[in-house]
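Peer 1: Need coordinates for the following:
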Amino acid sequence: MARRALVTGGSRGIGAAIAIELARQGCDVVINYRSNVDAARMVAAQIAALGRRAELSAFDVADGAQVAAAYADLDLEARPIEILVNNAGIAADAPFPAMKEAEWQSVTRTSLDGFYYVTQPLVMPMVRRKWGRIITISSVSGVMGNRGQTNYSAAKAGLIGATRSLAQELAKRGITVNAVAPGLIETDMVRDVPPEVVNYIPMRRMGTTQEVAALVGFLAGDNAGYITGQVIGINGGLA
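Peer 2: All right, here's what the predicted structure looks like:
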């Protein structure tokens, strides 16, 4: 039976590319989205075209009640999630002295509370099966920081700490836990970045969502079974 994967924030950008890549590798994929059902359906259609099963699951990762209700609908006892990709995240950039509490809360809660609400219920089923992959999308901002992104950098750095700690808890159970830290990737999130920013990237270009998805796909597979607790940068040499 095909492995079942869940990709949060899977309706667009990096998440959509990851969902399609996992389907290409033979997984059935649950596509989480918060509001853009049309985009999620487009991703599902591409997965179906690859001959894999796609399921849509609408919930806000930062809302524990919504996550629990969605998991009940997904019938996880019958078909547990074996591969989890924590991709959902938001940005609300501002200089720290001018940053509003709501901007701090929304960004950090989506990443950190979202990691807890989405991941925690899936761990023990993985433990019982003695196999699992948990992959979390962090950011180069969480590794080296970035001006105007104190909230985003804090959230993404927190995910790195959670990844490293959980990896130590689960390693002997055959479950790997890793983080991927993209640099500037061609998505809607960076559409307002000035073109000259690429001059600071040693490769002189932004990355693609497909390149990030390929890395996640490798970490999700059997050949990555001895890689855990790692933070893998994909940033064109930026850091």
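
Peer 1: if I pick the residue of the chain positioned farthest from its centre, what's in contact with it?
Peer 2: For the chain, the residue at maximal distance from the C-alpha centroid (C-alpha atoms, centre = their mean) is P97, at 29.1 Å. If a contact means C-beta atoms under 8 Å, 6 or more residues apart in numbering, then P97 has no contacts. C-beta coordinates here come from the backbone N, C-alpha and C atoms, glycine included.

Peer 1: So it belongs to a strand, correct?
Peer 2: No. According to DSSP: H, G, I helix; E, B strand; the rest coil, P97 belongs to no strand; its state is helix.

Peer 1: do you know how far it is from G142?
Peer 2: 21 Å (C-beta to C-beta, to the nearest Å).

Peer 1: now for the longest strand seen in the chain, which elements pack on it?
Peer 2: The longest strand of the chain (DSSP state E) is strand 175-182. Using 3 or more C-beta pairs under 8 Å, 6 or more residues apart in numbering; DSSP states H and E, the elements in contact with strand 175-182 are helix 114-129, strand 132-137, helix 140-144, helix 150-170, helix 209-219, strand 231-234.

Peer 1: Could you list the alpha-carbon positions for that strand in PDB?
Peer 2: Provided in PDB are the C-alpha atoms of strand 175-182 (Å, rounded to 0.1, in the frame of the first residue of the first chain):
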ATOM      1  CA  ILE A 175      11.500   7.900  12.700                       C
ATOM      2  CA  THR A 176      13.600  10.700  11.200                       C
ATOM      3  CA  VAL A 177      13.000  14.300  12.000                       C
ATOM      4  CA  ASN A 178      14.700  17.000   9.900                       C
ATOM      5  CA  ALA A 179      14.400  20.600   8.800                       C
ATOM      6  CA  VAL A 180      14.900  22.200   5.500                       C
ATOM      7  CA  ALA A 181      16.000  25.800   5.500                       C
ATOM      8  CA  PRO A 182      15.300  27.500   2.100                       C
END
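
Peer 1: So which bits of that strand are buried?
Peer 2: By 16 or more other C-beta atoms under 10 Å, the buried positions in strand 175-182 come out as I175, T176, V177, N178, A179, V180, A181, P182.

Peer 1: how many degrees apart are that strand and helix 150-170 in direction?
Peer 2: 160 degrees (axes from the mean of the first three to the mean of the last three C-alpha atoms, to 10 degrees).

Peer 1: any residues touching strand 175-182, and which ones?
Peer 2: Against strand 175-182 from outside (C-beta under 8 Å, 6+ apart): 14, 123, 126-127, 130-140, 142-143, 156, 159-160, 163, 166-167, 170, 207, 212, 215-216, 219, 224-225, 227-235.
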